[in-house]
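Q: What follows is a predicted structure for the sequence shown.
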Amino acid sequence: MFTAICLDDFVAKLPKERQEAIKKRTAELLAEEATLRQVREARELSQEEVAKKLHIKQAAVSKLERRTDICLSTLRHYIEVMGGQLEIVARFPDHAVRITQFEALDPKRCPQE
């Protein structure tokens, strides 16, 4: 007979090295396609930590993470304070093109955010 076991319980019984490998791979998979909140959590950062680095309040980080429309400069700055680099890529059926014209944008130029 098959006995069900909770995934967390199963992982907790694995060797520490295996647990760390699972945690690392989970973060990698989340980073491949994720919301801003999921990226922040995968980087093991709190909204408070990101807010401090952005010089804004925690509530503003929460609002930023829920937005569906955002200035590229603001998004770039958010990603950079987490240690990342934002790249914009246009994908076409036959090739992909990295768009570079937005790389020097200043986040202070988006007063609405």
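A: Sure thing, it's come through. Residues are numbered from 1 along each chain as shown.
Q: which residues in the chain form helices?
A: Ranges of helices within the chain are 7-12, 16-32, 36-42, 47-54, 58-66, 72-81, based on DSSP state H.
Q: and the angle for the fifth one with helix 72-81?
A: If I follow you right, that is helix 58-66. Going by axes from the mean of the first three to the mean of the last three C-alpha atoms, to 10 degrees, helix 58-66 is angled at 110 degrees with respect to helix 72-81.
Q: Report all helices and strands that helix 58-66 contacts.
A: Helices and strands in packing contact with helix 58-66 are listed as helix 36-42, helix 47-54; criterion 3 or more C-beta pairs under 8 Å, 6 or more residues apart in numbering; DSSP states H and E. All C-beta atoms are positioned from the backbone trio N, CA, C, and that covers glycine.
Q: between that helix and helix 47-54, what angle do the directions make?
A: Here helix 58-66 runs at an angle of 100 degrees relative to helix 47-54 (the same axes, to 10 degrees).
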